[in-house]
Every structure is written in C-alpha cells, then in structure tokens.
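Engineer: only geometry, no sequence info:
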DNA sequence: GCATTAAGTCCAGACAATGGATTAAAGTCG
DNA sequence: CGACTTTAATCCATTGTCTGGACTTAATGC
C-alpha cells in the first residue's frame, strides 16, 4: 500500500518544506527569496524563514547581487554554499581504490586514487587501506575548510543484509560497513554501502550523461557487468538492493559455462576478462597492492590492457575486432531483455565499455532496433559515460549529498 | 532528487494522517481508536477526529464490540465498511471481457464476463461492449446499495501517452481512455488504464499468491507474456509504464523470428499460441463476439484448447510434453534474466501459465537454481497464481481502492 | 525629489497537531 | 451492592507552522 508509515506532524511539514526550498535553490541558483516563493508555492514569509535555517546550516549563502531585471528593489540572491559542508565518496574496484570530496554545489574539491590489485586481497586489508585514504582526504579537506558530514562507498558486489558478496574481488559475506566504519573518522550521517552500478548511475545522473535524460540504464562494465536504473531521478534498487545483475543475464543458453553456475551469461561475452581473452590480449602480471606504497600507475593493469586492445582495434587486428563484435552482440541481446523489462529512455555505457563505446554502440543499436522497442514505439539511445571511471565515486558522493538535501536538519 | 514538488501545508498533513489511519484500520480491522493511536503514533484526539471523517465518508463503520481483553472500558471497534463506496475493475482480453465490483473491504460483490473473440475486432466496438458491461454492473450495484466511485481497466498492451498498443488485440494507437470514458457512467475518480500484467500483479498482491511475499514478479501468460513487478507493495512501472514486456526478452538469439522484429523471443516458446502450435493442438475456429449475444461458453476457445492440452499431457502425449518442456526452458532462461535484473523474492505464474504450472515449475526452478540466485544467496520460489484468470480484474478494482485509500477525501 | 515597482519583514489569524484533565464504561473486590 | 481500578473516549488549552495582508526598504525613472 502506498500509505505512509509514520504520522505527519507540524515538524514533518517544516522538514519537507525545508527540503523543497533547498532543492529549488539547487535547481535555480542563484535565486532570490521572491522567486523561490513563486516557484515553490510557499509564501514569502515561509521562504524567508526556511532560507534563514539553511544559512545557519551553512548549506546556502548570499550571492553577488545580479542585476537581472527592470525596476524595483533588487532581490538578494541565494546560492548553494561551497562549504564547509562536504560529502565523501569512496570506491573499491578490482584495480584501484578511489575517493573524492565534494561540496554542496557538487563540485569535486579533492580526489585521490590508490592503484593496486584488490582481487583476492584480504577484505579487511583492502578496507583498512580505503579507510586510510578516507582519513587522508578528510584531513586535507579540513585544511581547506571542509567538514565531511557523511560517506558512501561503491563496491562491485551485492549487499545481502549487512554483508557484501563481491565475487570479482573474492569477497564472500564480508561485513563491509562494520569493517569500514571503524576505519573512518566520525561523521554526523551514517555510512552508505551500495553497488558500483547503482552509484555510477547516480553519478551520471547528476554530473554526466544522464543529465536531462528522464530515465536511463547505466552499465558498469568491468570484470563483471552491473546495471543501475534511474527513473525520474530516483534509483530503482529492486527488492533487496540486488537488482541490476546484468552480467548474469543469459545471452545464449548453449554458450560457455559461467562461474555463477549458469551458461552463456553476458559476462562471458562482454566482461573485461572475457573480451581480453577472446581478443588474445595477454594478462598483465598482477601487481599486488601495497598500502600507501609509492605510485603504481593508477589502475595500471586494467588500463594498459584496454589501451592495448584499443591499439589493436586501431590496427584492424582481426581477433580484436571479432572479440569486440562478439561483446557488442552479447550486450545487444542482453539489453533487448533489459529494455523490455525496464523501459529506459537512454542506455549509458560505463566503465571499460565507455572506452570501447565507438566499437560497441553500433552492434548494440542494431540489436535494439530489431527487438527492443517496436512495441513501445521508440528505441532507447545508447551513449558512453561522460565521467568514465569516476562515475561510481562521484555517485557515492552524490548519494550523501542527496541525503543532506532530503533532510538538511540531519547535519545540524 | 527525492524532493517533494509541492509545498506541504496543514491540509497536506491532515490528508496524510487520514490515509495513515485508514490504512491502519484496513490492516488491523476490527480495531479500536485506542489501538489505532498506539500503532499510528498519533494521539487519541487526532485518531478520533480522523475516524469521524472516515465514518462520514462511509469508508469505515463501527463493528460488533469484540470482547478482547481484560478489564477497563471496552473500546468501540472500527472496521472497513461494506458499502456504499465501491470500485469497478474491468478487463479486455483476447477471449473475453470481464468486470467486477468490490467494496472497501476488497470483497467482490458483483462479477460478470462476456465471452467472445476480441482479437481483430474493432477497438471502438470492443470498448463499447465493455462500457455496456460496466453500466450493467454499476446499475446492479446501485440496487444493492453500492455506489461505484471509480474504474480501472486492464488491457493486454502498452500505453504510450494516452494511446494503447495491443498487438495481440490488433490495436494500434487506440485512445482507449477517451473511448471508454464516454461509455462509462459518471464517477468521482478518473479512469485508470493499465497493463494486465501490472494490474494482475496488484491483484495477486492483495488477494492471491502475493500476500505476505515482500516482493514478487507476476507473469501474465496468454498469447503474449507480460510481467508485473511489485516491490514492497508498490508496483514498478518503469519509466513510462511500459516495463515488464517479458514476452520479447531474447531466449535464443538463433531462435525463430518474432512479430516484434527480433528473433528467439520468449513469446515464441511460451506464449499460448506458440505452445499450442508446438503441441499440435488444432486452432479452434474463432467465434466472433456478439454484443450482448446469448452465452458463449466463457473464454471458450482459449479455455478448451488449454483443456485439450492438459488432457494430452495427462495421456503422456509426447509432442505435448515436448512443447511444454520447451516453454518451461524458455521461461527459465528469460526468468534468469528477469530475476537478475529485478531481484524478486517470488515468481507467480498467471494466466494460462497458472493452469500449466505443474508442468512448468520444475524446469523453471531448475534453470533458476543454476543461474538465478547464486550471487544473491537465494533463489526465488515459483508458484501458480491463486486468482487464475481473475487476477487482472481484481487488480484493477484494487487499484481504484488504493487510490481511495491514498486520498479518501477525493470521493467526498 | 517624488512616484513607481518590487523585495523582504512583520504580525494577526487559521489549522491541525499535542498532551493533560475529564468523563464514560466496563470488571474486581470487599 | 457500592467503591475502586482500569481502560476508552472526549474536552480544551497550548504549540508549531503556514497564510495573507500591511508595512518597510531599496532600487529605477521622470
């Protein structure tokens, strides 16, 4: 039933209107109180009171008086503040750890990456290294007047209860939130743990290829392939937050066996390892991660293999071309299913697939044109991610910001 | 952004609390004001006021004083009223028109069906016949003190804007809402037009196999195959309400061509026509629909063909067995994809698939056990619909009720 | 310099909630 | 059988938030 579970009282009303005013400031900044009153439908009195609260929370601040119109008393424009409130986004990937700190405007104020192979590494060790990275960035943030109020972390896996399964990291039922929380500095909001595809989708939504698209499906292509669906600016998480496992959609029931127990899963056609194997690009020797160790080339192993593949494609290497075509066909078939089930306007290729987009998009679009839209009268457009490998960290930070925006008083 | 679009005022607060109290009465009826105050978190004063409003709307009424506990003044129990407020559910199917009237408790007070082949029939004629059925039931309802406040209609197609595409009815861009609205009696709430799989899912949720299941995927198997996903009691509609087209998920890229332009779609394996063709059950001569004509056997053609198929299966007819096994395998493959993308707890087979459930569930479960849950640690259970061919009409009526419950003042 | 226009603030009033006091209706116990 | 206890329901003063009209402030234009 679509009925609220909690009683609505005067305080609830105020909270909701506060969030409404803040959202409107974010959308139209810089904007005067008078304009806010018009566009929200609240009275000038109420808007002024809410803006005062948001100023006290340091989420908004007065902007330069912009001469905008004609006569009359000029308004005092309000904009999102560039601090001190800040959000921390984290990401664990097979080949690197990443972090970024963003201010309320969404601008990235700090970013850092630690390269190294996290596959098969002890989860506690990986998360300790991530915690160290988080503390370092939080301290750097404090130096430039940023106060991190909350953190979200993107993982290439599925959360079940408070445990995380991430087969491509070798994680099985890892209590990631508990392990990481101990390694993070104190914060006013709780830690959010979510899938990299889900958070990547949110990152693209706010800062990348998803802006303006009403709804879209974001593909996170690495060793595994995840999908995050955004409908009307909201993430669809499925029943238990484990939706979007596109990698194990069946592309060909007579296809090769997959580690999941099935056969012909998309991952066996379009996953990073499968593509590299089919293309004959040799496996780089895994460089074990060293905590705080001197600079490995960020994401070296994976990135250089992709570069090698792109190079071969440029040289019209037959095996490379066939491998990518095979991946494109597989993605097309899987996406026909996904589009029929989820009905997005746009499909965004992220992760490694973004770098291969020029080669993948034609076969995908061909498949979708045949089978993925005849009924609904339109075929979704396919495009590459705009944020590249940053989608997930950016999305993680955006998630924290979204929480602040939904309930600004929580940081006070 | 998860920010509200409209300002929250005192009236909004009252509306939400009214819906909260009504939902709580529906969940716990019969229940006293004191209990409602406890479980909603509102004060007794507020609950009493809200209950008075609901009584004035004739949505709830006093029940028999139930001796329930110990000492003290006994409370006056409140229950959902059995009238006069009522909702009308309608359905257009390839083989019949159906309607039912339910009271606020969800009990079916009236039902009726008109058999006949609606495939290829002029949409205006079909909808006029449906309108006549609706008026007849509304009038019968008035005789027993029921006042129909709103209607929803289930169609085997996809709505695009205010037009409906229903390939299996031969409908192309039919303005169904506009055509039907003219044929319906006046009502206080608007007409809802939705997909039969979506509404079937809601029907099962409230009255059938979905009760208690946190989230589940309902399959509507007729000529086409649709799917409706319910998560936490809410229907997932996709971006434009066109999600759930399971019938055109690709089961085998080298499979037979499909009318949608693709190849190897599930519909070619597990759709009613495909199964019958594979099983060698002859096509019954289509009996054209006659408006108000004397009783055809309800849903005759389709039902008798299914009976014939079941009969052959009982006699261990090899061709029939192979046809159903093929359908089961196809469903299994498609459902691996759907389960990975949508993450339901339960899969409910509806429509024709419900009648074939004994033969379909084993191969489906086998497929899901292999590929549809290893990652998330559990495999969804598969079961047959409890409402059979009534899911969609019941769900349609339930949708209207849900609107009343979400905003009770709308019927005042 | 004064009229005009628009932004922002002030304040009484409305509305729906809260919470404590009161009344009502049963059982329990002497 | 009547006083006491217990629980339900109502009454009423208070509180918090929004509304809407009146007022003040700050600019432009003649």
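Structural biologist: Ah, there it is. These numbers come from a predicted model, not from an experiment.
Engineer: isn't residue A:117 right up against residue A:97?
Structural biologist: No: checked against C-beta atoms under 8 Å, the pair residue A:117 and residue A:97 is beyond contact range at 11.1 Å. C-beta here means a position set from N, CA and C on the backbone, and glycine is covered the same way.
Engineer: Give me the more crowded residue out of the two.
Structural biologist: Higher neighbour count among residue A:117 and residue A:97: residue A:97, with 25 against 19, using other C-beta atoms under 10 Å in any protein chain shown.
Engineer: quick one: the more buried one is in a helix?
Structural biologist: No: note on residue A:97: no helix contains this position according to DSSP: H, G, I helix; E, B strand; the rest coil, which reports strand.
Engineer: got the contact list for it?
Structural biologist: Counting by C-beta atoms under 8 Å, 6 or more residues apart in numbering or on different chains, residue A:97 touches A:90-91, A:113-114, A:116, A:118, A:126, A:129-130, A:133.
Engineer: now with 7 Å?
Structural biologist: The contact partners of residue A:97, by C-beta atoms under 7 Å, 6 or more residues apart in numbering or on different chains, come to A:91, A:113-114, A:129-130, A:133.
Engineer: nearest spatial neighbour of it, skipping sequence neighbours?
Structural biologist: Spatially, and ignoring its direct neighbours in sequence, residue A:97 is nearest to residue A:114 (4.4 Å; C-beta to C-beta, 6 or more residues apart in numbering or on different chains).
Engineer: go on, residue A:118?
Structural biologist: That would be residue A:126: by C-beta to C-beta, 6+ apart, it lies 5.1 Å from residue A:118.
Engineer: hang on, isn't that neighbour packed against residue A:93?
Structural biologist: No: counting by C-beta atoms under 7 Å, residue A:126 stays clear of residue A:93, with 10.3 Å between them.
Engineer: ok, back up a step: burial check on the residue nearest to residue A:97, number of neighbours?
Structural biologist: By other C-beta under 10 Å, the residues close to residue A:114 number 23.
Engineer: Quick check: neighbours of the host helix or strand of it in the sheet, parallel or antiparallel?
Structural biologist: For residue A:114, the host element (DSSP states H and E) is strand A:108-115. In the sheet, strand A:108-115 lines up against strand A:96-102 (antiparallel) (DSSP bridges).
Engineer: The helix or strand harbouring residue A:276 - contacts with which helices or strands?
Structural biologist: Using DSSP H and E, residue A:276 sits within helix A:272-279. Under the contact criterion of 3 or more C-beta pairs under 7 Å, 6 or more residues apart in numbering or on different chains; DSSP states H and E, helix A:272-279 touches helix A:300-314, helix A:318-342.
Engineer: just the angle between it and helix A:318-342, please?
Structural biologist: 140 degrees (axes from the mean of the first three to the mean of the last three C-alpha atoms, to 10 degrees).
Engineer: Would you indicate which residues of helix A:272-279 are buried?
Structural biologist: A:272-276, A:278-279 (16 or more other C-beta atoms under 10 Å in any protein chain shown).
Engineer: For the residue nearest the centre of chain A, which non-adjacent residue is closest in space?
Structural biologist: Against the mean C-alpha coordinate of chain A, by C-alpha atoms, centre = their mean, the closest residue is residue A:200 at 2.1 Å. Excluding its sequence neighbours, the residue lying closest to residue A:200 (C-beta to C-beta, 6+ apart) is residue A:391, at 3.7 Å.
Engineer: Who are the contact partners of that neighbour?
Structural biologist: Residues counted as contacts of residue A:391 (C-beta under 7 Å, 6+ apart) are A:200, A:203-204, A:208, A:350, A:385.
Engineer: now the residue in the stretch 251-400 of chain A that DNA strand D sits nearest to: how far from residue A:190?
Structural biologist: Proximity of the stretch 251-400 of chain A to DNA strand D (C-beta to the nearest atom of the strand) peaks at residue A:400, 24.6 Å away. According to C-beta to C-beta, to the nearest Å, residue A:400 stands 10 Å off from residue A:190.
Engineer: out of these two, which sits in the busier spot?
Structural biologist: residue A:400 (24 against 14).
Engineer: what's the residue of chain A found nearest DNA strand C sitting at in phi/psi?
Structural biologist: With C-beta to the nearest atom of the strand, the shortest gap between chain A and DNA strand C falls at residue A:72, namely 2.1 Å. Residue A:72 adopts backbone torsions of phi 90, psi 170, taken as degrees, to the nearest 10.
Engineer: same check, this time on residue A:188
Structural biologist: Residue A:188 adopts backbone torsions of phi -80, psi -30, taken as degrees, to the nearest 10.
Engineer: So the closest residue to it other than its chain neighbours, which state does it fall into?
Structural biologist: Nearest residue to residue A:188, sequence neighbours excluded (C-beta to C-beta, 6+ apart): residue A:149, at 4.9 Å. When classified by three-state DSSP, residue A:149 comes out as strand.
Engineer: Residue A:149: neighbouring residues, count only.
Structural biologist: Residues lying near residue A:149 (other C-beta under 10 Å) number 20.
Engineer: can you tell me how far it sits from residue B:407?
Structural biologist: Separation of residue A:149 from residue B:407 (C-beta to C-beta) stands at 36 Å.
Engineer: Could you do residue A:21 as well?
Structural biologist: Distance, residue A:21 to residue B:407, using C-beta to C-beta: 25 Å.
Engineer: tell me the mean pLDDT over stretch A:235-243?
Structural biologist: Mean per-residue pLDDT for stretch A:235-243: 79.
Engineer: Stretch A:213-231 now?
Structural biologist: Throughout stretch A:213-231, pLDDT has a mean value of 87.
Engineer: try stretch A:263-281
Structural biologist: Averaged over stretch A:263-281, pLDDT sits at 91.
Engineer: got the end-to-end distance for that stretch?
Structural biologist: 24 Å (C-alpha to C-alpha, to the nearest Å).
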